[in-house]
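S.K.: mind looking at a prediction? Sequence and model below.
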Amino acid sequence: MTKKYFGTDGIRGKVGVPPITPDFLLKLGWAAGQVFADGGHNFVLVGKDTRISGYMFESALEAGLTAAGVGTRLLGPMPTPAIAYLTRTLHAKAGIVISASHNPYYDNGIKFFSSQGTKLSDEIERKIEMYLDLPISTVESSKLGKAKRVVDAAGRYIEFCKASVPSGLDFEGMKIVVDCANGATYQIAPHVFEELGAQVITIGVEPNGLNINEGYGATQPEKLVQTVLANQADLGVALDGDGDRVIMVDHKGEVVDGDELIYIIAKSRLRTGTLTGPIVGTLMTNLGMEHALKTLNVPLLRANVGDRYVIEMLAEHKGMLGGENSGHIICLDKTTTGDGIIAALQVIAEIQYTGQTLHELKSGMQKYPQVLINLKTAHKIDLNHEGIQRAVRAVELGLGNEGRVLLRASGTEPLIRIMVEGCDQENVDKYANELADNVKQAIDT
């Protein structure tokens, strides 16, 4: 059965436009309550990022859960991976995240975690959707859920993050710039790095409800580059609005993306003899990473784009490390989901252990030039359209065996993502622009 509301990463859209409305969130809270209630002592964690609509949706979810007889534990602004961790360790029935991740403030969304801190199965998501089609009913008053605020949530997660670094290893002597994207990590990430001994310079730590991801964070690292260079810092860490992505910047001001970070962590795990299974990337993973891992005799598997597919493939092949070039990095030996802070800590720990700089550690992997063009669409497009496929074949013929083309529809926005990769930057630019023009022409005709 096709899901009506849940996409690749929960439910997401523009605030005020169905389904991202208060009445729908009230119903969603109730529907989730029907699925997670077990007739006994039970509660669900609810956390959010810093966008202004989070207050409204937090109240709506709480009301729906309460009507279903399920308690609510409110976490306030909290990174998505922290909610996964706390759901597991506080023995909640589920965790709910109110966030649109790297999207602008006027978008919002809902993500769920199971009691084990993992993404929900398709079966559970379909069950929630089944209840969304039913009228709301309220339990008898003595069985209504109760809401409480979890006062030590941040401290618990900070300690968990610090524990992901080998004991006895600290970041003394390091100067690190931390960009929190004016998002959910603003109260947490600086403390983690400071308490491990680093000198921390912060940017993007003044959220006002409207500035999340605006000019800061993992999707816009320009200010981080400037701040690292201006302060002669050892490196910079850029998180996204909900803290499940990380991009880093080395001391020369060069951006280090998710593929390069995964490569560094993979070499670290090889050094310690703890790497198990293959590395799992996605269809977007750079060919350079595949070739670099091959020299280490480490296989790379490619999942569909989306961290849930990476996690599923890791579980299927008994792997422990994977992610996306966008900065979703999953270290299953440390936690259950993508976690920007945890991933950054693994990289910095390797820097401290080896005595090499971030720039030196990434140098073992040479990225192929890769151009990504996002083409906005007014409606859903069939990528098997003959005109689109003809344009793709023409580019593939031009690239030969030294490159590849990928077209995919975004799971969260009305976009077609066009990726062209090859050995020569000039050719890649030319082919990507030609392909975008031809795809646009095919859409418009």
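M.R.: Structure received. Numbering: from 1, shown residues only.

S.K.: quick one, helices of the stretch 201-350 of the chain?
M.R.: With DSSP state H, counting those that start in this stretch as the criterion, the stretch 201-350 of the chain has helices at 222-230, 258-272, 287-295, 307-316, 340-354.

S.K.: OK, contacts around residue 367?
M.R.: Residues near residue 367 by C-beta atoms under 8 Å, 6 or more residues apart in numbering: 257, 259-260, 286, 288-289. (C-beta placed from N, C-alpha, C; glycine too.)

S.K.: of the residues you listed, which is the most crowded?
M.R.: residue 259 (29 neighbours; other C-beta atoms under 10 Å).

S.K.: quick check: it vs residue 140, distance?
M.R.: For residue 259, the distance to residue 140 (C-beta to C-beta, to the nearest Å) stands at 54 Å.

S.K.: how about residue 109?
M.R.: Distance from residue 109 to residue 140, by C-beta to C-beta: 33 Å.

S.K.: pick out the lowest-pLDDT one from the contacts of residue 367.
M.R.: Across the contacts of residue 367, the bottom pLDDT score, 90, is held by residue 288.

S.K.: surely that one meets residue 366?
M.R.: Yes. Between residue 288 and residue 366 there is a contact under C-beta atoms under 8 Å: 5.1 Å.

S.K.: just give me the neighbour total for the residue nearest to residue 318 when sequence neighbours are not counted.
M.R.: Nearest residue to residue 318, sequence neighbours excluded (C-beta to C-beta, 6 or more residues apart in numbering): residue 277, at 4.5 Å. Using other C-beta under 10 Å, residue 277 has 19 other residues around it.

S.K.: give the contact list for residue 277.
M.R.: 314, 317-320.

S.K.: go with 6 Å
M.R.: Each residue near residue 277 by C-beta atoms under 6 Å, 6 or more residues apart in numbering is listed here: 317-319.

S.K.: which stretches of the protein have low pLDDT?
M.R.: 1, 39-41, 411-412 (pLDDT under 70).

S.K.: would you map out the domains in it?
M.R.: 11-151, 157-362, 370-444 (automatic domain parsing).

S.K.: what's the closest of the ones you listed to residue 2?
M.R.: Nearest of those to residue 2, taken as C-beta to C-beta: domain 11-151 at 9.1 Å.

S.K.: the closest one spans what distance, first to last residue?
M.R.: One end of domain 11-151 sits 28 Å from the other (C-alpha to C-alpha, to the nearest Å).

S.K.: distance between that domain and the chain's centre?
M.R.: Centroid separation between domain 11-151 and its chain, computed with C-alpha atoms, centre = their mean, to the nearest Å, is 18 Å.

S.K.: and residue 109 and residue 140? Which one has more around it.
M.R.: residue 109 (23 against 7).

S.K.: gap between the more buried one and residue 413?
M.R.: Taken as C-beta to C-beta, the span from residue 109 to residue 413 is 11 Å.

S.K.: go on, residue 261?
M.R.: With C-beta to C-beta as the criterion, residue 261 and residue 413 are 24 Å apart.
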